[in-house]
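**Student:** Provided below are the primary sequence and the corresponding predicted coordinates.
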There are 2 protein chains.
Amino acid sequence: MSDDRLSRVFAALADPTRRDIVARLAAGDATVNELAAPYDVTVQAVSKHIKVLQDAGLVSRSRDAQRRPCHLEAEVFDLMTKWIERYRREAEDRFRRLDAVLARMDDQGDSGDQGDPPGRADGRTDGRTDTPPDDRPAATEEAAS
Amino acid sequence: MSDDRLSRVFAALADPTRRDIVARLAAGDATVNELAAPYDVTVQAVSKHIKVLQDAGLVSRSRDAQRRPCHLEAEVFDLMTKWIERYRREAEDRFRRLDAVLARMDDQGDSGDQGDPPGRADGRTDGRTDTPPDDRPAATEEAAS
DNA sequence: GCTGTATTTAACCGGCAGGTTGAATAGGCG
DNA sequence: CGCCTATTCAACCTGCCGGTTAAATACAGC
């Protein structure tokens, strides 16, 4: 109830049952009973799962008599994709850069040392990736849109 | 210890601290102490976090004297991206298709009904998305490569 | 070998997540 | 109205998760 959006989304998808529900909802809206059918857990449990997905913004509900069909909210995926892509790219760039450094080193001869050349963790010495505002549990809480 | 890979990855990233660690590792390898510095939790807690990330395959360790630097393993991101993209695309396609249906309905006049036209949940009546093998907690356990 | 630093292991604890059963609510229908 | 179906709410149990402290392990250096 007090956690940020991304955490809720990731947590929601960390459960295989919930992931499966999402997968099935991608093929079309469905009611709780329909969704619950394949699993060997009670309908109430599935109802809870859906609530989690809903709280994460992955699913919305509508109304049809006493039925409350679930609808997959695809936009939220973008949130994840964005987060993932950002750091994946960063990591890959760094990898390429390291490759270049190694190649140059190989070109020269050696230069010893291999502790942790560029890009430390605490006091960043280089100024390219600039680590844009993200969720910092200690301080600097969530800032991205 | 018995959960599938995707679950571990999503679960690992469901924690803000862990997500932050990943973000910082994207900028460069770092030791546990360095990683722990910004947070107000103990080093042991961070060590545990790293173990979770490692078990999820997101982080690998190397050796440097008594230090064990963490390295971000970017490939795992692909696993998530693939999963996400698949269902996002499916959902978007369905959305587009629904739009088309509505347009056609609007073209004619009505045709009543709006319960849940194509693509139910249990017995799929249409044969396009075919819901390729995914993790099914009940049966049909994980099958993708 | 002793001391200091980096990291992990072990034991413990409060809280929440996922499951259950049982009852309540909401709405079609004979 | 009374019944049936769909869904949720409430209370409860169990296990894992994130955190702690205390101790063990692994190395570098004097």
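**Tutor:** Right, received. Where do you want to start? Being a predicted model, the structure only gives us computed values, none of them experimental. Numbers count the residues shown, from 1 in each chain, chains lettered A, B, ... in the order given.
**Student:** and A:Asn33, what does it touch?
**Tutor:** A:Val43 (CB atoms under 8 Å, 6 or more residues apart in numbering or on different chains). Glycine gets a C-beta too; all of them are placed from N, C-alpha and C.
**Student:** quick one: pLDDT of it?
**Tutor:** Turning to A:Asn33, the model gives it a pLDDT of 95.
**Student:** which residue ranges form the helices in chain A?
**Tutor:** Defined through DSSP state H, the helices belonging to chain A, from first to last, are A:5-13, A:16-25, A:32-36, A:43-55, A:75-108.
**Student:** for the ones you listed, which one ends up most surrounded?
**Tutor:** For the helices of chain A, the stretch with the most neighbours on average is helix A:16-25, a mean of 23; neighbours defined as mean count of other CB atoms under 10 Å in any protein chain shown.
**Student:** pLDDT weak spots in chain A?
**Tutor:** The model of chain A has pLDDT under 70 over residues A:1-3, A:97-99, A:101-145.
**Student:** and chain A, which residues reach DNA strand C?
**Tutor:** Listed as neighbours of DNA strand C in chain A under the rule CB under 7 Å from any atom of the strand: A:11, A:14-15, A:17, A:40-42, A:44-45, A:48-49, A:52, A:65-66.
**Student:** from those, which two are the most distant?
**Tutor:** Looking at the residues of chain A next to DNA strand C by CB to CB, the two members farthest from one another are A:Ala14 and A:Ala65, with 33.2 Å of separation.
**Student:** these two: which is more packed in?
**Tutor:** Taking A:Ala14 and A:Ala65 together and counting by other CB atoms under 10 Å in any protein chain shown, A:Ala14 has the greater number of neighbours (19 against 6).
**Student:** residue contacts, the more buried one?
**Tutor:** Residues in contact with A:Ala14, defined by CB under 8 Å, 6+ apart, are B:7, B:10-11, B:14.
**Student:** likewise for A:Cys70?
**Tutor:** If you count contacts by CB under 8 Å, 6+ apart, A:Cys70 has them with A:21, A:25, A:29-32, A:35, A:50, A:53, A:59-61.
**Student:** what's the answer for A:Ala11, then?
**Tutor:** Applying CB under 8 Å, 6+ apart to A:Ala11 gives the contacts A:3, A:52, A:56, B:10-11, B:14.
**Student:** same check, this time on A:Glu85
**Tutor:** Listed by CB under 8 Å, 6+ apart, the contact set of A:Glu85 reads B:77, B:81.
**Student:** without its sequence neighbours, what residue ends up closest to A:Ala74?
**Tutor:** B:Ala91 (4.0 Å; CB to CB, 6 or more residues apart in numbering or on different chains).
**Student:** wait, that neighbour touches A:Val76, no?
**Tutor:** No. B:Ala91 sits out of contact with A:Val76 when judged by CB atoms under 8 Å, with a separation of 10.4 Å.
**Student:** what sits in contact with each of these two?
**Tutor:** Between them, B:Ala91 and A:Val76 share no neighbouring residue, with contact defined by CB under 8 Å, 6+ apart.
**Student:** how about A:Val41, phi and psi?
**Tutor:** The phi/psi pair for A:Val41 (degrees, to the nearest 10) reads phi -100, psi 170.
**Student:** return the distance of the closest residue to it other than its chain neighbours relative to A:Ala45.
**Tutor:** The shortest distance from A:Val41 to any non-neighbouring residue, by CB to CB, 6+ apart, is to A:Thr17 (7.4 Å). Distance of A:Thr17 to A:Ala45, computed by CB to CB, to the nearest Å: 8 Å.
**Student:** touching both of those two, which residues are there?
**Tutor:** By the contact definition CB under 8 Å, 6+ apart, A:Thr17 and A:Ala45 are jointly contacted by A:Tyr39.
**Student:** circling back to that earlier point, take the helices of chain A and write them to a markdown table, including distance to B:His71.
**Tutor:** A markdown table is the format used below for these (distance: least, CB to CB, whole Å):
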| stretch | distance to B:His71 |
| --- | --- |
| helix A:5-13 | 21 |
| helix A:16-25 | 27 |
| helix A:32-36 | 40 |
| helix A:43-55 | 33 |
| helix A:75-108 | 9 |
